[in-house]
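Novice: heads up, no residue letters with this:
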C-alpha cells in the first residue's frame with residue numbers, strides 16, 4: 001500500500017528532497033531522502049567529555065584544550081555531527097523552510113548522540129526564542145526538537161531581550177551578545193536539584209547554551225547537559 005501511495009504522490013506532486021532537491025522516491029517516509037540521511041556525518045570518537053568536540057590534537061585527559069583552560073556551566077555536550085554538508089541542509093530545512101516534520105528524525109539522532117548522559121537528566125529545556133522572532137518564524141525549532149527526545153519538556157527559560165543573530169558576530173562578541181538575555185520562568189523554579197538537558201539546533205561557540213546553563217545553575221539545577229543537531233567544530237591547539 002505504501003509503495004503504491006509513494007508512486008502516486010511522486011507522479012501527481014513530484015515532491016523533492018528538502019536537502020538535495022532531487023525527486024523523492026519514497027515521499028511517505030518524509031521530506032528528506034534515504035540517501036541524504038545516510039550521508040550525514042557524525043563526530044568521530046574520541047570526543048571531549050565536556051563539549052563533544054573531536055579530540056584530534058592536544059588534550060588533557062578526557063577534555064579538549066579549550067575546555068581545560070576555562071570552566072563551563074555545561075557539564076557535558078554532544079551533537080549529531082559537524083555543521084556542514086547534508087546535516088546543515090537538513091537543519092536549514094527545519095529552521096528556515098518550516099519543514100517541522102524533520103524534528104522527529106533529527107531528535108532521534110540527537111538522543112542517540114546524547115547516550116553518554118541521557119540517563120542523568122530529568123527534563124528537556126529548549127533554548128527560547130525572543131517573542132518577536134518566535135512570532136515571525138511561527139515556531140521555535142529547539143522546542144520542536146526537545147519535544148521528541150523522550151523526556152518531559154519544560155519551558156524553563158525565557159529570552160528577556162532580542163539579540164543579534166549569533167552567526168553574524170565574531171566569536172569574541174557572542175558571549176557579550178547573550179549576556180543577561182535569559183531569565184528563569186515560573187516552571188523553571190521547580191527544577192532545583194534536578195538534571196536538565198538543554199536543546200538547540202546548532203552550537204557554534206557555545207555562548208548561548210552557556211548563558212542558559214548559568215541561569216539554570218544559579219536556580220539550583222545540579223547538572224546541565226546540552227544536545228544539538230549540529231555543532232561547528234573548532235580547531236584544537
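Specialist: Everything's here; your move. In this text the structure is predicted, and so the values were computed from the model without any measurement.
Novice: can I see the domain layout of the chain?
Specialist: Per the record's domain assignment (automatic domain parsing), the chain is made up of the domains 1-36, 40-231.
Novice: Columns mean pLDDT on top of those, output as TSV?
Specialist: Shown next, in TSV, are these (pLDDT from 0 to 100):
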stretch	mean pLDDT
domain 1-36	74
domain 40-231	91
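Novice: which of those domains sits most buried?
Specialist: domain 40-231 (a mean of 18; mean count of other Cβ atoms under 10 Å). Where you see a C-beta, it was placed from the backbone N, CA and C, and this is true even at glycine.
Novice: Give me the distance from that one to the chain's centre.
Specialist: In this view, domain 40-231 has its centroid 5 Å away from the chain centroid, taken as Cα atoms, centre = their mean, to the nearest Å.
Novice: what sits against the most centrally placed residue in the chain?
Specialist: When Cα atoms, centre = their mean is applied to the chain, the residue found nearest the centroid is residue 228 (2.2 Å). If a contact means Cβ atoms under 8 Å, 6 or more residues apart in numbering, then residue 228 has 77, 78, 79, 80, 110, 199, 200, 201, 202, 203, 209 as its contacts.
Novice: and with 6 Å instead?
Specialist: 79, 200, 202, 203 (Cβ atoms under 6 Å, 6 or more residues apart in numbering).
Novice: Show me those that map onto strands.
Specialist: Of the positions in the contacts of residue 228, 79, 200, 202, 203 sit in strands, assigned by DSSP state E.
Novice: This structure: helices as residue ranges?
Specialist: In the chain, the segments counted as helices under DSSP state H are 2-12, 34-38, 65-69, 85-95, 103-113, 131-137, 141-146, 171-178, 207-218.
Novice: distance of residue 185 from residue 155?
Specialist: Noted for residue 185: a distance of 6 Å to residue 155, by Cβ to Cβ, to the nearest Å.
Novice: and if you look at residue 49?
Specialist: Remark: distance between residue 49 and residue 155 (Cβ to Cβ) = 29 Å.
Novice: With residue 68 instead?
Specialist: For residue 68, the distance to residue 155 - Cβ to Cβ - is 34 Å.
Novice: same question, residue 132
Specialist: Taking Cβ to Cβ, one finds residue 132 at 17 Å from residue 155.
Novice: And residue 207, by the same measure?
Specialist: 21 Å.
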